[in-house]
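Asker: Please find the sequence and the predicted model below.
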Amino acid sequence: MVSSTDLVCGIRSGVCALFFLNPQLGIHVDPGTPPGRKAPEITTSPLMNGEKSKLWDQIGGQSSLASPMRREIGNRSMMRSFSADEIDLEDLKTSKDKDRPSGSLRLPKIQNHSLLSGLAYCIASCSMILVNKFVLSGYGFNAGISLMLYQNIVSVIIVSTLSLSGVIPTEPLTWKLIKVWLPVNIIFVGMLITSMFSLKYINVAMLTILKNVTNVLTASGETYFFKKQHDRQVWISLTLMIISAIAGGITDLSFHAVGYTWQTVNCILTASYSLTLRHVMDSAKEATRSGNLNELSMVLLNNVLSLPLGVILVLAFNEVEYLLETPLLRMPMFWLVITASGVLGLAISFTSMWFLRQTSATTYSLVGSLNKIPLSISGILLFKVHTSMQNSISILFGLLAGVFFARAKLRGNSQS
């Protein structure tokens, strides 16, 4: 006959065995727990602890090397509209979970809506370049610096309004932070201006291919300055990018020496921005009150500091006289279009962060690379670009090289 004591002991042993055999229940029972004392429980799912940090570790914020179109998001998140695609902060040696303050922007996390967030990101990043191309070439607007300045003003107004209303968190702009960030901002402004100048003369499809040169310069800079080693597949993809850029330039029926010169300078400045940002980031975080510097704070910081420098450059390039004479500024539709370009530039930041929260780093990177394909096709069709078969093959070759590069980087990061 079983005593009540034996029955209790048997039940206790069975419960312990059940939880040991089924760890998915999330409760660990210490066999050494004295009778009558509640055993410690661990109720946190492993996914909750590791999923988010794994995602951000894979992308590292965004890598110093990424496909040019993918970094066009990073450009409003780290930079702004045009060359954002060339910036990748994977090597800043910071974790997003560590850097993100507790009151950070709560982007909508809609279950099973990764497709929606990815589509929003693709539309924002493609539309930004197409709208800017339309303003510069379609309207024939010859004040690229003024356009950049106005877009930055739009971004500052929107971000400041959202910050003051408590919708998003941003770091206060202190003199200490400004002094640390100013060298980066000077490169940032130069990068945006040269991107505006090059886009006026180069068709969108060729621009996406020429931007690949930034990856080559950034990889070389990382190897020389930071002693970072890249595997063979990365260098093969970079070589393919160089070949496609050269072949595309030779076969470009609308080749313009001024545009190609500005784009070469833009690639150098964009690579310099990426490498300098990596060096300055830690100092910038130390200059903030919270010890963190999130994406939106960088957007606000870059755009606010660009305003006085932009005004100086507008005066230096004598764009004021053109602005007073052009009839475009008396067209309400023109103001609507350039305002939309400023909003789209900021939308790249929001949609990219939303997309990153909804999907994996691999999907994010590959979508950024594949996004260049519809962008190039749209640019050719919308602006009626005359192209040859050889040039089309060169562009396709460069686009595929960008996808191969993204895959090679992801493979190298996963192995490391």
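Answerer: Alright, I've got the coordinates.

Asker: residue ranges with poor pLDDT in the stretch 301-416 of the chain?
Answerer: The model of the stretch 301-416 of the chain has pLDDT under 70 over residues 360-362, 365, 413, 416.

Asker: for it, what spans make up the strands?
Answerer: For the stretch 301-416 of the chain, applying DSSP state E, counting those that start in this stretch gives no strands.

Asker: which ones are touching residue 185?
Answerer: Residues near residue 185 by Cβ atoms under 8 Å, 6 or more residues apart in numbering: 301-302, 305-306, 309. Backbone N, C-alpha and C define where each C-beta goes, glycine included.

Asker: Which parts of the stretch 251-400 of the chain are helices?
Answerer: 257-286, 295-316, 319-325, 332-358, 361-370, 372-382, 389-415 (DSSP state H, counting those that start in this stretch).

Asker: JSON lines for those helices, including distance to residue 219 and mean neighbour count?
Answerer: Formatted as JSON lines, the helices of the stretch 251-400 of the chain follow (distance: least, Cβ to Cβ, whole Å; neighbours: other Cβ atoms under 10 Å):
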{"stretch": "helix 257-286", "distance to residue 219": "9", "mean neighbour count": "20"}
{"stretch": "helix 295-316", "distance to residue 219": "23", "mean neighbour count": "20"}
{"stretch": "helix 319-325", "distance to residue 219": "36", "mean neighbour count": "13"}
{"stretch": "helix 332-358", "distance to residue 219": "22", "mean neighbour count": "21"}
{"stretch": "helix 361-370", "distance to residue 219": "16", "mean neighbour count": "21"}
{"stretch": "helix 372-382", "distance to residue 219": "18", "mean neighbour count": "19"}
{"stretch": "helix 389-415", "distance to residue 219": "9", "mean neighbour count": "19"}
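
Asker: Serialize those helices to TSV and add fields for distance to residue 200.
Answerer: TSV is the format used below for the helices of the stretch 251-400 of the chain (distance: least, Cβ to Cβ, whole Å):
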stretch	distance to residue 200
helix 257-286	7
helix 295-316	16
helix 319-325	13
helix 332-358	14
helix 361-370	25
helix 372-382	13
helix 389-415	19
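
Asker: for those helices, which one sits closest to residue 151?
Answerer: helix 332-358 (3.9 Å; Cβ to Cβ).

Asker: What angle do helix 295-316 and that closest one make with each other?
Answerer: 150 degrees (axes from the mean of the first three to the mean of the last three Cα atoms, to 10 degrees).

Asker: Thank you, goodbye.
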